[in-house]
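Undergrad: fold the following.
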Amino acid sequence: MTKHIIVTGGVVSSLGKGITAASLGRLLKSRGYKVTMQKADPYLNVDPGTMSPTQHGEVFVTDDGHEGDLDLGHYERFIDENLTRESNFTAGRIYQELLDDDRAGDFSGGTVQVVPNMTNAIRERFIKVAESDTDIAITEIGGTVGDIESLPFIEAARQFKMSKPHGDVIFIHVTLVPYVAAAHELKTKPTQHSVKELRSNGVQPDFIVCRSDHEINGQVKDKIALFCDVDVANVISCQDVDNIYTVPMVMYDQGFDQRVLEALGLEVPPIDLSDWREYINKSEALTEEVNIALVGEYISLPDAYISFVEALRHAGVAAGYKVNTHMIDVVALAEQDVEKTLGAMDGILVPGGYRKSAFEGKVAAAHYARLNQVPFMGVCLGLQAAVVEYARSVLGLTEANTTENAEDVTSIVDPVIIHMSDEELVAAAASITRPAASREVSGRLGAYPCQLVKGTKAYQVYQEDLIYERFNHSFVVNNSYRQQLVDAGLIIGGTSPDGVFVNMVELADHPWYVCTLGHPEFKSRPTRPHPLLVGFVQAVGQVSK
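TA: As a prediction, this is how the structure comes out:
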């Protein structure tokens, strides 16, 4: 029987509920339990797939093709498990399904209400995420207690606990304990009011995790325990840290995971954190640094590229370098002195994106890296920009472009990048089926195979013939130009197994110029960094010396 942990938040958003939940998941897994995780978001979007990254951060893609909340990335990196579409749902998704059922007559003319229909649907999601052999499922409820949109989720969680035997469901509440400089003290009132609000909804937290930028002493813990009706040992201090991967250790030192297992009525097996400690020790011992430019269009919100930042950090530890990631505005780059902007960088990474206004800046970054022997990596749209740049500069096709940038595709003189649905690509695009996507996707979304070509840098770092990467794209290299590009020196490092799609390209006689349509950042883990990114950082480090 699966045990459930519900994580809520109070006072303000962005307190780190995701890191808290993921850290606990890491500890429980390190004790031998099979753990899965889930994010329940109260907003009305069906999923984050159509949301701007500047509002909600990156869109994380799972193996089975779900476009999910960025917290799924934290979960996967900490517990080192591949999650699924069942690991993320929204109020919008629940409403959509209920309304579809209503129009289909499934409610037999009955009234469809938030209680019990929506709350029952949410409870079903809590159960569905846990496979038959899952020991512990951790569900994080987005937003903060007191938000109107969060009420059905809190009510569903309350009902869920009532429907289960004692000890099968526990609540962890993450809250802010601010330091007021004028008074020279930490204030517990925000936490008290937050817990009061939670209790007014029928939920008594079993644990309170206190976020603060100052140390929370025993006196403050005693006060919170007294007024929030929680055992003082279950008040956990979580002070700000420079390295998020040390959070599990901070919690372990306070006996958090042991207390949680006791509350769930589970045994407390010995813990093995050796690989986690090794990663932390290596990261803290780094002395050499490299500077990598991340040339993107959503830099106003760093969380838009959080998986890249973390994956480069993982790769840096494996390669022996502290990676400093510099966010470069790609839109401005197209209008600025590229050399002045990128000249101080040891490496350049161009990630995916969708804004047409950003494309020429990505082309300029690829051009600069190719001519100046700066280690370069293009991902998704980054590969497409690199191919366009090569066609323009090397093949002499000065009007080469992607059809994605045109209102009328016939206006592109040399469409070296085209939509997957064109010509013979239709059959290949349908060669691997996926569960129904939450929005219309006429491309590849999720994990797909890639056949690597021996003798390439791609093969050298993977050391495998067939790999699987997560894709999220609809545009590909136009096969009509493929031979021309190859004859001009562009190396195809990987294709779809049937050879139809160009998945990876690279250049010889360059320290590192490798591009991929896949998203390696989504598969990187602290203890298992992605080989392609490790190869990139190693090349960056060698050139910078």
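Undergrad: rest of the way, CA atoms for contacts and neighbours
TA: Fine.
Undergrad: quick one, strands of the stretch 101-250 of the chain?
TA: 136-141, 169-176, 179-180, 185-186, 207-212, 235-239 (DSSP state E, counting those that start in this stretch).
Undergrad: I'd like those strands as a markdown table, with mean pLDDT and distance to Thr84 appended.
TA: Supplementary listing: the strands of the stretch 101-250 of the chain in a markdown table, determined by pLDDT from 0 to 100; distance: least, Cα to Cα, whole Å:
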| stretch | mean pLDDT | distance to Thr84 |
| --- | --- | --- |
| strand 136-141 | 98 | 13 |
| strand 169-176 | 97 | 22 |
| strand 179-180 | 92 | 39 |
| strand 185-186 | 93 | 40 |
| strand 207-212 | 96 | 27 |
| strand 235-239 | 95 | 29 |
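Undergrad: any chance of those in JSON lines, plus mean neighbour count?
TA: As requested, the strands of the stretch 101-250 of the chain are arranged in JSON lines below (neighbours: other Cα atoms under 10 Å):
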{"stretch": "strand 136-141", "mean neighbour count": "25"}
{"stretch": "strand 169-176", "mean neighbour count": "25"}
{"stretch": "strand 179-180", "mean neighbour count": "14"}
{"stretch": "strand 185-186", "mean neighbour count": "16"}
{"stretch": "strand 207-212", "mean neighbour count": "24"}
{"stretch": "strand 235-239", "mean neighbour count": "22"}
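Undergrad: mind putting these into JSON lines with distance to Ala156?
TA: Supplementary listing: the strands of the stretch 101-250 of the chain in JSON lines, determined by distance: least, Cα to Cα, whole Å:
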{"stretch": "strand 136-141", "distance to Ala156": "11"}
{"stretch": "strand 169-176", "distance to Ala156": "12"}
{"stretch": "strand 179-180", "distance to Ala156": "34"}
{"stretch": "strand 185-186", "distance to Ala156": "33"}
{"stretch": "strand 207-212", "distance to Ala156": "19"}
{"stretch": "strand 235-239", "distance to Ala156": "25"}
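Undergrad: pull the helix or strand with minimum mean pLDDT from the protein.
TA: Lowest on mean pLDDT, DSSP states H and E among the helices and strands of the chain sits helix 425-429, with a mean of 44.
Undergrad: among the strands of the stretch 101-250 of the chain, which is nearest Gly493?
TA: Taking Cα to Cα, strand 136-141 is the member of these nearest to Gly493, at 39.7 Å.
Undergrad: orientation of that closest one relative to strand 169-176 in degrees?
TA: Relative orientation of strand 136-141 with respect to strand 169-176: 40 degrees, computed using axes from the mean of the first three to the mean of the last three Cα atoms, to 10 degrees.
Undergrad: start at 52, not 1
TA: OK, 52 is where the count begins now, so the last one is strand 187-192.
Undergrad: list the neighbouring strands of strand 187-192 plus their orientation.
TA: According to DSSP bridges, strand 187-192 has the following sheet partners: strand 54-60 (parallel), strand 86-92 (parallel).
Undergrad: helix/strand/coil for Ala355?
TA: Under DSSP: H, G, I helix; E, B strand; the rest coil, Ala355 falls in the helix class.
Undergrad: pretty sure it sits against Glu109.
TA: Yes: if you go by Cα atoms under 8 Å, Ala355 and Glu109 touch, sitting 4.1 Å apart.
Undergrad: more neighbours, the two?
TA: Residue environment comparison for Ala355 versus Glu109 gives the larger neighbour count to Glu109, 27 against 23, counting by other Cα atoms under 10 Å.
Undergrad: measure that one to Pro99 for me?
TA: 9 Å (Cα to Cα, to the nearest Å).
Undergrad: one more: Ile199?
TA: Ile199 sits 20 Å away from Pro99 when distances are taken as Cα to Cα.
Undergrad: now the farthest one out in this structure, which residue is it?
TA: Of all residues in the chain, Gly160 has its C-alpha farthest from the mean position, at 41.2 Å, by Cα atoms, centre = their mean.
Undergrad: do you know the pLDDT at that one?
TA: Gly160 is assigned a pLDDT of 91 by the prediction.
Undergrad: what does Tyr356 give?
TA: Spelled out, the predicted local distance difference test score at Tyr356 is 96.
Undergrad: can you pull the contacts of Lys247?
TA: The neighbours of Lys247, taking Cα atoms under 8 Å, 6 or more residues apart in numbering as the test, are Cys279.
Undergrad: from Tyr230, how far off is it?
TA: Distance of Lys247 to Tyr230, given as Cα to Cα: 21 Å.
Undergrad: cool, Ala155 as well?
TA: With Cα to Cα as the criterion, Ala155 and Tyr230 are 54 Å apart.
Undergrad: now Glu148
TA: Glu148 sits 44 Å away from Tyr230, going by Cα to Cα.
Undergrad: what does Pro320 give?
TA: Plainly put, Pro320 is 37 Å away from Tyr230 if you go by Cα to Cα.
Undergrad: so which of Ile199 and Pro99 has more stuff around it?
TA: For Ile199 versus Pro99, neighbours defined as other Cα under 10 Å are more numerous around Pro99 (25 against 10).
Undergrad: hmm, the more buried one is touching Gln106, no?
TA: No: assessed by Cα under 8 Å, Pro99 is found out of contact with Gln106, at 10.1 Å.
Undergrad: got a list of what the residue nearest to Ile287 when sequence neighbours are not counted touches?
TA: Nearest-residue entry for Ile287: Val260, 4.7 Å, with adjacent residues in sequence omitted and distances by Cα to Cα, 6 or more residues apart in numbering. For Val260, the contacting residues are Ile223, His224, Val225, Thr226, Val286, Ile287, Ser288, Cys289, taking Cα under 8 Å, 6+ apart as the criterion.
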